[in-house]
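J.: Predicted model and sequence follow; I will ask about them next.
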There are 2 protein chains.
Amino acid sequence: MQIHETVNSERYLTLRARLDNGLRKRLTHSSPSLEKLYNAMAYGVFEPGKCLRPILAYSACEAMGGPLDAADGVACAVELMHAYSLIHDDLPALDDALVRRGKPALHVAYGESTALIAGDALQALAFESLAQPSTVSVGIRLQMVAVMARAVGPAGLAGGQFLDITLAGARPTPEQIAEMQRLKTGALIEASVVMGAMASGANVETSHFVALRKYAEQIGRAFQVRDDILDVVADPVALGKAVHADQPADKSTAVSSLGLEGARHYAWQLLQGALTALEAFGPEADALRQLAHVVVERDL
Amino acid sequence: MQIHETVNSERYLTLRARLDNGLRKRLTHSSPSLEKLYNAMAYGVFEPGKCLRPILAYSACEAMGGPLDAADGVACAVELMHAYSLIHDDLPALDDALVRRGKPALHVAYGESTALIAGDALQALAFESLAQPSTVSVGIRLQMVAVMARAVGPAGLAGGQFLDITLAGARPTPEQIAEMQRLKTGALIEASVVMGAMASGANVETSHFVALRKYAEQIGRAFQVRDDILDVVADPVALGKAVHADQPADKSTAVSSLGLEGARHYAWQLLQGALTALEAFGPEADALRQLAHVVVERDL
């Protein structure tokens, strides 16, 4: 199953078009001398990604009764940030991955130094995307910056990348794997949902908001578990990256810890937890429900 | 001449103490599993740096009549950002520098993968430092995030690092060198002054503010020119990094373009420009005037 097969196709295409439009604007420049850098950034950002995080942000904004355009800044920011994290993760110093999304990894296509700098630039651009003028209030945009900074800093995504290299070959405990995955993948997925909901302008303290945080936490974990499963069972051509990529470096995964069936069962539990968290919502949260299924059932 | 010899010593020590206190707070954590990452970040951030950028931020805030504590968030943010840029710049993929500030470069001391991640984490922490609660209004803090993001993104510091590697060995024109230096070094120095002034709460449109931007532009350029001069003439032990470090890779510098005497004269012109920009200020801008001298006359 792929994301556009589960989420209403027309809706998905509309959101993708909004997102691509926003990303293109943010990657526009007028300096011939920086052409290659911007091309490298665009190479890392566009297609054929799933764009799960921005779709989550848009859907969370709608679930809280907000208009789509309020979530444009968040949607672009989370995709830019995600692209940066993949680019740096693929570098020789970390995963040394040659293929990403079915194409040569950025450092293979553009060279290691350009890839390093493109990742750095994308992180800055993601923060700029949150701060840019929009219909969202100044106060909420500043809060988003704080949420994003925590989600990707040493106690978030960067910390998760660090734990990932630290735990490699160290026979990690299930708790250590869970912490690594919560930081490396969960934090930005959660932030996507939380910032999307914040963009709606709804009060951060409401019970609906708490429910969305819970939902986000569950699917963040489920996403990583599904990744670990796919890394063992998937077709490498469809997946667009090397299968068993995590095994040679003896890295820690949910499958290595729980076994394949155990990991599948855990993913199913997380899906149930995500759906339960949304119980108080009506049809306005249907897109989020569908996305939870996508996360657990996707083939890519 | 060193920074504490020129700027009033007591004042310098007071500002350094404020800064170190703020940085220490921002690098505090409670996760044993992330201990090494935070240690690596602290290694890159603390001592024996000049801390020019935070001192500029504090001094610009004071020149605009603001209290010191208003500039704490900016001061920490620019130093964290500067530390990240040095760490990534030293990586094998870029300058491949083994020594920084008289110590082994971070990737030498902690390994390349940890250095890469520590730099990424410091960039995020810098943005968090701007967004954190403070006496500065929400609106100004959000503007600071936008200023910082532009200063370090593809049209700022990251773009400058890209031009630096692109121009290496390419017999660049003086205009190309100037563009590279404006982005790589000037943009963050300018942002330090601009954000420090913004922290004062003063109106961004006043003529004083325009003057500070002009001042910042001049010393940003002067700083890089002085760096190029020091790279040719300085004592490597005092400098704390390899002298002629920029020559083996055939990199572009003001000295290679203008000659040593030409570069010195250019730095002097920039100093005069910086001082002229401050003409409408009284003694409240004396610290900024002293800092302009430090930038051009420093030995480190």
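T.: Yes, it's here. Numbering: from 1, shown residues only, chains lettered A, B, ... in the order given.
J.: From what I see, residue A:137 and residue A:200 are in contact.
T.: No: here residue A:137 does not reach residue A:200: they are 11.3 Å apart, not a contact under CB atoms under 8 Å. All C-beta atoms are positioned from the backbone trio N, CA, C, and that covers glycine.
J.: by contact count, what packs against the helix or strand hosting residue A:293?
T.: Residue A:293 is part of helix A:286-297 when elements are defined by DSSP states H and E. Judged by 3 or more CB pairs under 8 Å, 6 or more residues apart in numbering or on different chains; DSSP states H and E, helix A:286-297 is in contact with helix A:3-6, helix A:52-63, helix A:207-233, helix A:254-277.
J.: what's it in contact with?
T.: Here helix A:286-297 makes contact (CB atoms under 8 Å, 6 or more residues apart in numbering or on different chains) with A:1-3, A:6-8, A:11, A:52, A:55-56, A:58-60, A:62-63, A:193, A:212, A:215, A:218-219, A:222-223, A:226, A:267-268, A:270-271, A:274-275, A:278, A:281.
J.: Low-confidence regions, chain A specifically.
T.: A:1-8, A:47-48, A:204, A:235-252, A:300 (pLDDT under 70).
J.: all strands of it, in order?
T.: Residue ranges of the strands in chain A, as given by DSSP state E, are A:99-100, A:103-104.
J.: who does the first one pair up with?
T.: Right, the one you point to is strand A:99-100. Strand A:99-100 pairs in its sheet with strand A:103-104 (antiparallel), by DSSP bridges.
J.: chain center to the strand it pairs with: distance?
T.: Strand A:103-104 sits 19 Å away from the centroid of its parent chain (CA atoms, centre = their mean, to the nearest Å).
J.: on that earlier part again, output the strands of chain A in CSV, with distance to residue B:184 appended to each entry.
T.: Below are the strands of chain A laid out as CSV (distance: least, CB to CB, whole Å):
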stretch, distance to residue B:184
strand A:99-100, 28
strand A:103-104, 28
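J.: deepest of those, which one?
T.: Most buried of those by mean neighbour count (mean count of other CB atoms under 10 Å in any protein chain shown) is strand A:99-100; its value is a mean of 20.
J.: picking up where we left off before, looking at the helices and strands packed on helix A:286-297, which is buried most?
T.: Sort these by mean neighbour count, taking mean count of other CB under 10 Å, and helix A:52-63 sits at the top with a mean of 27.
J.: Can you name the residues in contact with that one?
T.: Against helix A:52-63 from outside (CB under 8 Å, 6+ apart): A:3, A:7, A:12, A:15, A:18-19, A:67-68, A:70-71, A:74-76, A:78-79, A:82, A:188-189, A:192-197, A:199-200, A:208, A:212, A:216, A:219, A:223, A:278, A:281, A:284-285, A:287-288, A:291, A:294-295.
J.: try stretch A:147-158
T.: By CB under 8 Å, 6+ apart, stretch A:147-158 touches A:77, A:81, A:85, A:123, A:126-127, A:130, A:159, A:162, A:183-184, A:187-188, A:190-191, A:194-195, A:198, B:29, B:31, B:34, B:37-38, B:41, B:117-118, B:120-121, B:124-125, B:127-128, B:131.
J.: cutoff 6 Å now
T.: Under the criterion CB atoms under 6 Å, 6 or more residues apart in numbering or on different chains, residues A:81, A:85, A:183, A:187-188, A:191, A:194-195, B:37, B:117, B:120-121, B:124-125, B:127-128 lie in contact with stretch A:147-158.
J.: repeat for stretch A:176-194
T.: Contact with stretch A:176-194 is made by A:53, A:56-57, A:60, A:78, A:147-148, A:151, A:156-157, A:159-161, A:163-164, A:167, A:212, A:216-217, A:220-221, A:223-224, A:252, A:257, as judged by CB under 6 Å, 6+ apart.
J.: For the stretch 151-300 of chain A, which residues are neighbours of chain B?
T.: Proximity of the stretch 151-300 of chain A to chain B, by CB under 6 Å from any CB of the partner chain, involves residues A:152, A:153, A:154, A:158, A:159, A:161, A:162, A:165.
J.: All set, thanks.
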